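> structure, please.
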Amino acid sequence: MKAIFDFIWRDGRSPNDEWKALCDALGVPGAEVLAASEGVKAQLRANGAEAIRAGVFGVPTFVADGQLFWGLDATGMLREYLANAQLFESPAMQRLATIPIAATRKG
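Got it, this is the predicted structure:
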């Protein structure tokens, strides 16, 4: 994932325009053939549907003890949770559950 994120966000390159270069950087020769196969497409659809059912809203998404941490900016929060899950039981953190949801995904 880091290599893909670096390719897009750090280097400003487009997988749409440079698919072969991305696949070469990942060490996946012939990926264009694999990506076009019906088996890979079916697995991608199944993975996407599963992610939507699980409440995934962004990438990357991590799951720890059933809690979703999505978006690269949530990585620090995930680390805090893994180091001390009880922190998330504090009154201040519990109050966050009462804040209205700004966006939802229709599945």
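> contacting residues around the residue located most distally from the centre of the chain?
Most distant from the centre of the chain: residue 91, at 28.3 Å, with distances by CA atoms, centre = their mean. By CB atoms under 8 Å, 6 or more residues apart in numbering, no residues touch residue 91. For every residue, glycine as well, the C-beta is placed using N, CA and C.
> what separates it from residue 97, distance-wise?
Distance of residue 91 to residue 97, given as CB to CB, to the nearest Å: 11 Å.
> same question, residue 46
31 Å.
> now do residue 55
14 Å.
> who has more neighbours, those two?
residue 55 (13 against 6; other CB atoms under 10 Å).
> the helices in the protein, which residues?
2-5, 19-26, 31-36, 38-54, 75-83, 91-96 (DSSP state H).
> got the contact list for the third one?
Translated: helix 31-36. 19-20, 23, 28, 40-41.
> swap the cut-off to 7 Å and go again
Residues from elsewhere that reach helix 31-36 (CB atoms under 7 Å, 6 or more residues apart in numbering): 19-20, 23, 40.
> low-confidence ranges, the chain, go.
Low-confidence segments of the chain, defined by pLDDT under 70: 105, 107.
> same thing but 80
Applying pLDDT under 80 to the chain flags residues 102-107.
> ends of stretch 72-90, how far apart?
End-to-end distance for stretch 72-90, by CA to CA, to the nearest Å: 24 Å.
> buried stuff in it?
Burial within stretch 72-90, assessed by neighbour count using 16 or more other CB atoms under 10 Å, is assigned to 74, 78, 81.
> any idea how far the second one is from residue 68?
So that's residue 78. 10 Å.
> residue 2 too?
For residue 2, the distance to residue 68 - CB to CB - is 20 Å.
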